[in-house]
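S.K.: from the sequence below, what's the structure:
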Amino acid sequence: MGSLLPFLLLAFLAATADHPGGRGPRRRWTTPVLTTGSIATFSPTSLETLAPFWVRLSPKQAAVSPGGSLWVNCSSSCPLPQDSGLRTQLRRGGTRTGPGWVSYQLLDVRAWSSDVYCFVTCAGETRGATARITAYKRPSSVILEPPILDGGEYTLRCHVTHVFPVGFLVVMLRRGGRLLYSESLERFTDLHLANVTLTYVLRTRPLDLGLPVTCHARLYLDGLVIRSNSAPMTLPELTLHPASKTLASASIAALAGILLVVGFTYLRKCLLMHQ
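M.R.: I've put the predicted structure just below:
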């Protein structure tokens, strides 16, 4: 009996562990079973769609002559686009499509600077790209007329032909390395090619006659500067009228007489003081 006591105690402890409090059903541990019905499956196409995609618009920057046209290409890496398009205030023409790209034609570009936005929607996400289209025309010519002399003043006329946009044009006159005059034409907003004439009256000194005069046209287009210059012109020498020559001679003679009288008086005074 004494030898059976340890076995009875072990049996009691095992029964207590399987039945907490000595009551209740015995707990059974089961291995979890995974079913494919509750797990989402992805096809290669859906995985590619959920991945980040890019959108490109080319060219990113383009310049055309006023009234010109061009094509822009919108491409993306989305395999199944839900939506795509182009937003712009420019007039649109034809459209061409291919795998992963669409080309749009823009007609009659007259605004000097326009933004074009291309967008693509893929798996509910919309991305886009922007390009800038500019229209400008370098001056066909910058001509400085021969200076006209009238009464000691020079009239200078500079002609800037077939330029656009006029509102971004600055016309300058220089004599040697010095700026004589500058005028900005930002008040003009016309969207057509234009001719500009600048007139300036110059009062000069005889020392400035040997310096060349030039006309400069500058188009300042948001960091892009278009430069055009005229051929240099030399101011003609001052020519005096015969009556002016006579008056000048008389003035010189009178001045010489005055200087002689003043000198004689001063010399006489000095001699008297010495005596």
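
S.K.: quick one: secondary structure of residue 258?
M.R.: State at residue 258, reduced to three classes by DSSP: H, G, I helix; E, B strand; the rest coil: helix.

S.K.: now residue 72
M.R.: Going by three-state DSSP: residue 72 is strand.

S.K.: before we move on, what about residue 173?
M.R.: Assignment for residue 173 (three-state DSSP): strand.

S.K.: and residue 170, by the same measure?
M.R.: At residue 170, secondary structure determined by three-state DSSP is strand.

S.K.: any low-confidence regions in the stretch 1-150 of the chain?
M.R.: Applying pLDDT under 70 to the stretch 1-150 of the chain flags the ranges 1-51.

S.K.: how about residue 75: what's its closest non-neighbour residue?
M.R.: Excluding its sequence neighbours, the residue lying closest to residue 75 (Cβ to Cβ, 6 or more residues apart in numbering) is residue 101, at 3.9 Å. In this view, the C-beta of every residue, glycine as well, is placed from N, C-alpha and C.

S.K.: list the contacts of that neighbour.
M.R.: Neighbour list for residue 101: 73-76 [criterion: Cβ atoms under 8 Å, 6 or more residues apart in numbering].

S.K.: which strand residues bridge it?
M.R.: With DSSP bridges applied, residue 101 shows beta-bridge pairing to residue 75, residue 98.

S.K.: what of residue 122?
M.R.: Beta-bridge pairing for residue 122 (DSSP bridges): residue 125.

S.K.: and the strands in the stretch 101-250 of the chain?
M.R.: 101-109, 113-122, 125-135, 141-144, 148-150, 153-163, 169-175, 178-184, 194-203, 212-221, 224-229, 233-234 (DSSP state E, counting those that start in this stretch).

S.K.: how about those strands in CSV, adding distance to residue 269?
M.R.: Shown next, in CSV, are the strands of the stretch 101-250 of the chain (distance: least, Cβ to Cβ, whole Å):
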stretch, distance to residue 269
strand 101-109, 86
strand 113-122, 80
strand 125-135, 80
strand 141-144, 58
strand 148-150, 47
strand 153-163, 45
strand 169-175, 49
strand 178-184, 48
strand 194-203, 43
strand 212-221, 52
strand 224-229, 62
strand 233-234, 51
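
S.K.: just so I know, which of these lies nearest residue 271?
M.R.: The closest of those to residue 271 is strand 194-203. By Cβ to Cβ, the value is 47.4 Å.

S.K.: for the closest one, name the packing helices and strands.
M.R.: strand 153-163, strand 169-175, strand 178-184, strand 212-221 (3 or more Cβ pairs under 8 Å, 6 or more residues apart in numbering; DSSP states H and E).

S.K.: can I get those in CSV with distance to residue 91?
M.R.: Output for these, formatted as CSV (distance: least, Cβ to Cβ, whole Å):
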stretch, distance to residue 91
strand 153-163, 23
strand 169-175, 25
strand 178-184, 30
strand 212-221, 22
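
S.K.: nearest to residue 55, out of these?
M.R.: Per Cβ to Cβ, nearest to residue 55 of those: strand 212-221, 27.1 Å.

S.K.: got the contact list for residue 145?
M.R.: By Cβ under 8 Å, 6+ apart, the contact list for residue 145 reads 156-159, 233.

S.K.: which of these sits closest to residue 221?
M.R.: Once Cβ to Cβ is applied, the member of the contacts of residue 145 that ends up nearest residue 221 is residue 158, at 20.7 Å.

S.K.: that closest one against residue 197, yeah?
M.R.: Yes: between residue 158 and residue 197 there is a contact at 7.1 Å, judged by Cβ atoms under 8 Å.

S.K.: more neighbours: these two, which one.
M.R.: Taking neighbours as other Cβ atoms under 10 Å, residue 158 and residue 197 compare with residue 158 leading, 25 against 12.
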